[in-house]
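*Asks:* Dropping the sequence and predicted coords here.
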Amino acid sequence: MQDLTVTLLQTPLHWQDSGANLAMLEEKLWQIPGPTDLIILPEMFNSGFSMEAEKLAEPMNLTTFRWMKQMAAQTGAVITGSFIIKEQNRFYNRLIWMQPDGRFEKYDKRHLFRMAQEHDHFSQGDDRLVITLKNWKICPMICYDLRFPVWSRNNAKEGPGLMEYDVLIYVANWPAARISAWDTLLKARAMENLSYSIGVNRIGEDGNNILYNGHSQVHSPKGETLYHIDGEEAIHTMSLSYESLISFRKKFPTYLDADRFTLEN
């Protein structure tokens, strides 16, 4: 198994201005030093965390979707992040997983942030997504999902290489006021699931005067912090070791003692 190279983009976002955000992010993509397998953008990367779904939503296969398709093809990397989608008169905070060949997967945010009335403006997703990239199994989620360990659970299988996923990703607009929870839960999700965990958050201030201070980070299955950046712009590329992942699962196979259960919608 090859190592997985990932790139995290931590950046401020232009409030409700898709054109400005896509132009800004495109410039940053070309600043990535060297090849990478996966580029991770924040939640609602083309607008900021807005509840004005009717104003900002796009149908699938329009501007932002096509931009992701073009950028994935040009960089040769998978690009992922979420934006607002309208589908069958419903609105979704939808993560798109765009491959360089134009194929894609989607994940609709399961846990809608009621403290900002997200549940009044968006429809809830029903299904988790686990995708394979270079034989790594990756589970991407969105922001508030981080607070719900059952939804994030790495279901136990027999064998260290047969767990449901190897990398857990959260794209976010997580405010500075609650950043200690972000830091703690990202590390906890790595340790309890014997998985790498990655969180990509924005910085700056949004149109609701909410401050964000980043803290994008990567943790090993042991809970070691492999990368952490505070409130500054960052484009960071690093490799994740599959050998280290499997070695730790063999030495510390907590998954063999995990409680078995199934999720119901």
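*Replies:* Yep, that arrived. Residues are numbered from 1 along each chain as shown.

*Asks:* Can you show me the strands along the stretch 101-250 of the chain?
*Replies:* 104-108, 131-133, 136-142, 167-172, 196-201, 203-205, 211-213, 216-219, 225-229, 234-240 (DSSP state E, counting those that start in this stretch).

*Asks:* for the stretch 51-200 of the chain, what spans make up the helices?
*Replies:* 53-56, 63-75, 118-121, 149-152, 179-193 (DSSP state H, counting those that start in this stretch).

*Asks:* Using a markdown table, please lay out these together with distance to G231 and mean neighbour count.
*Replies:* For every residue, glycine as well, the C-beta is placed using N, CA and C. Formatted as a markdown table, these follow (distance: least, Cβ to Cβ, whole Å; neighbours: other Cβ atoms under 10 Å):
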| stretch | distance to G231 | mean neighbour count |
| --- | --- | --- |
| helix 53-56 | 25 | 15 |
| helix 63-75 | 25 | 18 |
| helix 118-121 | 24 | 15 |
| helix 149-152 | 26 | 14 |
| helix 179-193 | 9 | 19 |
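
*Asks:* and those as a markdown table, adding distance to D259 and mean pLDDT?
*Replies:* Formatted as a markdown table, those follow (distance: least, Cβ to Cβ, whole Å; pLDDT from 0 to 100):
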| stretch | distance to D259 | mean pLDDT |
| --- | --- | --- |
| helix 53-56 | 37 | 97 |
| helix 63-75 | 38 | 98 |
| helix 118-121 | 29 | 98 |
| helix 149-152 | 11 | 95 |
| helix 179-193 | 12 | 98 |
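
*Asks:* picking up where we left off before, ok, which of the strands of the stretch 101-250 of the chain comes nearest W151?
*Replies:* The closest of the strands of the stretch 101-250 of the chain to W151 is strand 136-142. By Cβ to Cβ, the value is 7.5 Å.
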